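*Asks:* One predicted model, sequence on top.
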Amino acid sequence: MKKLNLKFLKREKKMKGKSGKRLNRSLYGDIILFTFLFIFGLFSAWPMIFVINNAFKPLNEILLFPPKLFVKNPTFDNFRDMFVLMNNSWVPFSRYLFNTLFITIVGTVGSVFISSLAAFPLAKYNFPGSKLMSKMIVYSLMFSSAVTGIPSYIIISRLQMLDTFWAILIPTFGTTLGLYLMQNFMSQIPTDLIESAKMDGAGEFKIYWKIIMPLARPAWLTLVILQFQNLWGNTGGTYIYEEKLKPLSYALSQIVNAGVARTGVAAAVTLLMLVVPLSVFIISQSNVIETMATSGIKE
């Protein structure tokens with residue numbers, strides 16, 4: 001099995017070497033290309049720069065028209081006011097934070113584990129109904145959350161999961177986007193590795209955990225990012241009504257909706273809710289690009 005792993009890695013390096021040939025360009029061509037990319041990079045970074053500066057602007061600078069991009073008199077008053085408002089709530093800030101962390105971590109880990117377990121047999125084994133199931137998975141991606149909202153609520157209500165974390169976690173575990181990504185990526189893994197592992201006496205779960213999951217690392221890291229971003233900003237929607245079970249994003253949205261006087265606090269809230277998923281994305285960006293290229297999905 002070790003020999004097959006080495007052969008697979010060597011073949012992968014050769015394929016990367018062949019496909020990664022650098023195009024012959026002149027020096028002027030490189031300068032033009034990088035200048036073009038730099039300009040578009042600035043346009044892409046413009047909203048993020050604006051959000052960061054807004055969070056540190058005093059109220060009089062935020063309300064200026066036309067708005068200024070950079071802050072002149074930076075202040076931490078917006079963040080200070082945000083924490084004062086949160087501490088004055090009858091539900092502690094730590095409780096909101098715990099709810100969000102619990103939903104995000106459990107939902108992300110559970111989604112990756114269940115999606116990868118289901119994708120493994122669909123990608124590497126040909127059993128009756130496997131092709132039909134694969135088509136149904138692709139077909140299910142056509143439905144938006146607005147279409148499935150009412151059926152999901154009815155199912156969650158009949159399962160008596162309203163006002164529990166399971167109302168958010170169960171639909172997250174069953175997402176078909178993660179299954180689609182994992183299945184497409186796993187189908188690229190050579191079947192020889194599985195056959196050699198079986199000859200060495202490895203069971204199905206050991207093959208999944210020791211061989212498939214390490215090789216499918218870009219795919220499940222991409223799924224981690226997608227689910228983390230989705231769950232981090234989840235407000236509980238129509239599933240959670242009890243205040244002590246509400247996530248952090250709900251509490252912060254209540255602060256934002258209090259009027260013009262809290263515009264500065266709203267800017268701080270926007271930055272706080274953005275910085276965590278953005279950091280996770282930046283760390284794993286290369287894996288996202290590789291998975292999207294393999295799965296045929298545009299970012």
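*Replies:* Looks like it arrived, so ask away. Numbering: from 1, shown residues only.

*Asks:* any low-confidence regions in the stretch 151-299 of the chain?
*Replies:* Applying pLDDT under 70 to the stretch 151-299 of the chain flags residues 258-259, 261, 284-299.

*Asks:* please redo it, this time with the cut-off set to 90
*Replies:* Scanning the stretch 151-299 of the chain for pLDDT under 90 picks out 151-153, 160, 162-163, 171-172, 174-205, 208, 210-211, 213-299.

*Asks:* Check the gap between the spatially most central residue of the chain and Met186 for me.
*Replies:* Among the residues of the chain, the one closest to the centroid is Leu226, at 1.8 Å (Cα atoms, centre = their mean). Counting by Cβ to Cβ, to the nearest Å, the gap between Leu226 and Met186 amounts to 17 Å. Placement of C-beta: from N, CA and C, glycine included.

*Asks:* What are the boundaries of the helices in the stretch 151-299 of the chain?
*Replies:* All helices of the stretch 151-299 of the chain, identified by DSSP state H, counting those that start in this stretch, fall at 166-173, 176-186, 191-199, 204-207, 213-215, 217-232, 248-256, 263-283, 285-295.

*Asks:* Compare those and report which one is nearest to Phe76.
*Replies:* Evaluated over the helices of the stretch 151-299 of the chain, closeness to Phe76 peaks at helix 263-283, with 8.9 Å, by Cβ to Cβ.

*Asks:* Not counting that closest one itself, show me its contacts.
*Replies:* Residues outside helix 263-283 that contact it (Cβ atoms under 8 Å, 6 or more residues apart in numbering) are 48, 51-52, 54-55, 57-59, 62-63, 77-79, 81-82, 85, 224-225, 228-229, 232-233, 249, 252-253, 255-256, 288.

*Asks:* Show me just the buried residues among the residues you listed.
*Replies:* Among those, those classed as buried by 16 or more other Cβ atoms under 10 Å are 52, 54-55, 57, 59, 62, 78-79, 81-82, 85, 224-225, 228-229, 232-233, 249, 252-253, 255-256, 288.

*Asks:* Which segments of the chain make up each domain?
*Replies:* Structural domains assigned to the chain are 22-75, 76-295, following automatic domain parsing.

*Asks:* Tell me which of those is the most buried.
*Replies:* Each of those was assessed for mean neighbour count using mean count of other Cβ atoms under 10 Å. The highest is domain 76-295, with a mean of 17.

*Asks:* what about that one, distance to the chain center?
*Replies:* 6 Å (Cα atoms, centre = their mean, to the nearest Å).

*Asks:* rewinding a little: out of the helices of the stretch 151-299 of the chain, which is closest to Asn73?
*Replies:* Once the helices of the stretch 151-299 of the chain are compared by Cβ to Cβ, helix 263-283 is nearest, at 12.3 Å.

*Asks:* Report the inter-axis angle for that closest one versus helix 248-256.
*Replies:* For helix 263-283 against helix 248-256, the angle between stretch directions is 150 degrees (axes from the mean of the first three to the mean of the last three Cα atoms, to 10 degrees).

*Asks:* tell me the SS of Ser89?
*Replies:* coil (DSSP: H, G, I helix; E, B strand; the rest coil).

*Asks:* What confidence value was assigned to it?
*Replies:* In this model, Ser89 is scored at 73, pLDDT.

*Asks:* doesn't Ala251 make contact with it?
*Replies:* Yes - counting by Cβ atoms under 8 Å, Ser89 does reach Ala251; the two are 6.8 Å apart.

*Asks:* Leu179 and Ile170, how far apart?
*Replies:* For Leu179, the distance to Ile170 (Cβ to Cβ) stands at 15 Å.

*Asks:* The residue nearest to the centre of the chain contacts Tyr180, correct?
*Replies:* No - Leu226 lies out of contact with Tyr180 (Cβ under 8 Å); the separation is 11.4 Å.
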